[in-house]
Every structure is written in structure tokens, then in C-alpha cells.
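Enquirer: structure for this input, please:
(one chain, ligands or ions: 1)
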Amino acid sequence: MIEKKEEIPAFAALSEFASSSAGGQVLFATDDFFAPCENMILDTEPVFIADKYTEYGKWMDGWETQRKRIPGHDWCIIKLATKCVIRGLLIDTAFFSGNYAPKYSIQAACLTPEEEALLPERDSEMGSACTECDLERVKQLRTDKWEEIVPITALRPGYEETRMNFQKVLCDEAWTHIRVNIYPDGGIARLRVYGEAKPELPASDHLVDLISLVNGGSCLEYSNAHYGHPRNVIKPCKSQAMSDGWETARRLDRPEVLETYDDGTLKVSGEEWSIFKLGFCGRITNICVDTAHFKGNYPDTIKIEGAFVTSEWAQSNNITWFNILKRSKLSPHKEHWFTCNSDVVSHIRVTIAPDGGISRLRTFGHVEPTII
Ligand SMILES: NC(=O)NC(NC(N)=O)C(=O)[O-]
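Expert: Numbers count the residues shown, from 1 in each chain. Model prediction:
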């Protein structure tokens, strides 16, 4: 019998707001005995190392609490990368077989910085559990602020065919924090929160990165994402590895030199592109293209165009693009800063030639407040 592979739900293609590279952060956990809660938001794929043990027990690549011998359950608070509407979740129990959390629920809230400051300082040491005094401080966060967005739901163990626990969320409110409850205890390898950013409108005299994930930017289309998806380049932090950037496959038509550019350099045939919707419409004045970690595989050149599109995005073929950054040479493992003076744009198209990888792209500008 051929086993049916589980389908990945459509919401998993949306922006992701819990992982640490997106800017997610663990603020509180009741227990980090076997493995700290921060592991749950790591960007890397979880791994299992059979003979790796710590002084507390088996080393696990996830969040794992101790076996509870008293009433209650374990839980943690995660600050999301930005205020967002949550459309779905992934609770990956990879490699937690006899020790996965059997049930979970999710609550969400919009917390102010003052409320966040009520939380005790985070101690992410393995072997630790929160104190009564910590719990008292957390209780000051009013419980009426927390809305249940996923009721108590069973999880499946971390075997290859059952580890991916996807959960659709039906709620149109926007949240800044979530509380992950596990019943009564156990382990979760990774948590992902998918949705749409709903950031506050920045003041018009502030220079903001209009394309940033945390300001609501998103990737709409691309020609090639063989080694890394272009949505990575709009994450707020500096990338930590080549895998956390946009990297295309090598173009097979690449060795054919077609023409010479005005500056005398040779143009190698082929190009790859990606298209982004900006979080806010605005005029771009400063661009940063970071090729960090791309050394033998940085693109030869980059070109950036913009468009102002008021209707719902359908397809890129009938869009009129205008130039924002003319074709510019890139170099390995470096931030490249450019100044420009664009008209108001809502979308940008990035063209790299002939292929290769970039780790981050920043498009700083002023929000055009009349056209949001
Ligand atoms: N073999 C285990 O994983 N045991 C325990 N967990 C760890 N990490 O040692 C447990 O059962 O909770």
C-alpha cells in the first residue's frame, strides 16, 4: 500500500513570527529542566543525537520540561516578532517519542511594554523551573487579556509521519504574544506561528525599512528558490548562516557570455528575480543589500525596480516597473549601501544576475501616510 503523504496547509506559506530569526522571543517558561524553551523557536531543523546526554538527562533539540509529580501544567509566553493576525501554527514534536507533550492549547494577548515589564527576568538555564515568586509576578498579567485561540488539542508523537502537528486558527484579531500550554508536561521540538503582520503605522518623519517582515512586507513571487526562499531576506536580524538567505540554483545557461556592459564588465547570461509587497507604501531613499555568508556564490549584480499597485495582486506580468537601483555590482560577504530617490512604491522587484544568493535586503524610506 502506498502511504499518503500529509499535505502542508496553505497557511504555512504565510509570514512566520515566532522563530528567533524573525524576532520571536521566549519571555517566560514554567520549566526548562531537560531542554530550554528557546530551542522551540530555533530556525534550524531539529536533530537527534543518540549518544548525547547532559547532567539532567537525554539532550533534546526542543523545549522539554520534567515529569510533573504535582498538579498543574507547564506553559510559556512567546513574544511574536510583530503584532499579527495568526492564521495557523505548526507544533513539531520531532524526536519526542516517549516524552512528547500529549496535549496543548494556545492563548493570545496584546500586551503593552509596561505589562511585559511585570514578567520576571528570563532564566533559560537547563535544570531550572520557575519559582512561586516568579509565578506571582506573572499572575499580575490579567487573565482576561488572554484569549484561547486553540482549545486543548491532542498532539502526535515525533515520528517522521506524525511529527508535523499543523493547526489552523480562525480568529481575525491581531496579537503581540502567545501563551503555549502543554498538558501536563513533556517536549515540543519547534513552534511556528504563521499569519499577517499588523504593525502600528510609523510616524511619517521616521525612516523605516518598508520591506521588513516586521513592518508587514512579504514575498509574493520568485523565479527560483532552490537553496533558500527569498522571504528570508526581509527578516529583521542579521542572518546567521547561508541557509537563512535567498539562494538560487546555478543557472545552466550561465557560462555563455552574451554582451559587455557599459563599464566594460562582461554580462553572463541569465537572471533570477523575486517580488515583494512592502508593508507600507513609501518613497525609498536608502537600500542595503547584504551578501553575508555568500562568498563563492554571491550574485554578480543586482537591480531593484518599484511599482505602485493599488489593486489586489494578481500576477506580475502586466505591471509597469520603474527603476530604483540601477544594475550594481556586488561583492562577497558584505553589506552594500546605496542611496536612491524613488517615487511612492507599494511593490519591488529584485533582479540578481546571473544567479546566486543574498542574505538580507533593506529598503529604508518614509511612509506615504495618505496611501496605506
Ligand atoms: N529518555 C528520555 O528522554 N527521558 C526523559 N527525557 C530526557 N530528556 O531525558 C523523559 O522521559 O522525560
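Enquirer: next up, the contacts around the closest residue to Gly217 other than its chain neighbours.
Expert: Residue nearest to Gly217 in three dimensions, not counting chain neighbours: Ile211, with 4.1 Å by CB to CB, 6 or more residues apart in numbering. For every residue, glycine as well, the C-beta is placed using N, CA and C. Ile211 makes contacts with 217, 234, 276, 278-279, 348, 361-363, as judged by CB atoms under 8 Å, 6 or more residues apart in numbering.
Enquirer: helix, strand or coil for Ile211?
Expert: What DSSP: H, G, I helix; E, B strand; the rest coil gives for Ile211 is coil.
Enquirer: per-residue pLDDT of it, please?
Expert: Looking at Ile211, its pLDDT reads 98.
Enquirer: if we can go back for a sec, export the contacts of Ile211 to JSON lines and append columns for pLDDT, distance to the ligand and neighbour count.
Expert: Below are the contacts of Ile211 laid out as JSON lines (pLDDT from 0 to 100; distance: CB to the nearest ligand atom, whole Å; neighbours: other CB atoms under 10 Å):
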{"residue": "Gly217", "pLDDT": "97", "distance to the ligand": "39", "neighbour count": "24"}
{"residue": "Ile234", "pLDDT": "98", "distance to the ligand": "36", "neighbour count": "27"}
{"residue": "Phe276", "pLDDT": "97", "distance to the ligand": "41", "neighbour count": "23"}
{"residue": "Leu278", "pLDDT": "97", "distance to the ligand": "44", "neighbour count": "24"}
{"residue": "Gly279", "pLDDT": "96", "distance to the ligand": "40", "neighbour count": "25"}
{"residue": "Ile348", "pLDDT": "97", "distance to the ligand": "46", "neighbour count": "25"}
{"residue": "Leu361", "pLDDT": "98", "distance to the ligand": "40", "neighbour count": "25"}
{"residue": "Arg362", "pLDDT": "98", "distance to the ligand": "40", "neighbour count": "19"}
{"residue": "Thr363", "pLDDT": "98", "distance to the ligand": "44", "neighbour count": "29"}
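Enquirer: in helices, which of these appear?
Expert: Among the contacts of Ile211, DSSP state H puts none in helices.
Enquirer: out of those residues, which are inside strands?
Expert: Counting by DSSP state E, the part of the contacts of Ile211 found in strands is 276, 278-279, 348, 361-363.
Enquirer: and the two most separated of the residues you listed?
Expert: Using CB to CB, those span at most 13.3 Å, a distance reached by Gly279 and Leu361.
Enquirer: show me what residue of the stretch 1-150 of the chain gets nearest to the ligand.
Expert: Closest residue of the stretch 1-150 of the chain to the ligand, CB to the nearest ligand atom: Gly57 (2.7 Å).
Enquirer: the host helix or strand of Phe28 - contacts with which helices or strands?
Expert: Assessed by DSSP states H and E, Phe28 sits inside strand 25-29. On a contact count with 3 or more CB pairs under 8 Å, 6 or more residues apart in numbering; DSSP states H and E, strand 25-29 meets strand 74-92.
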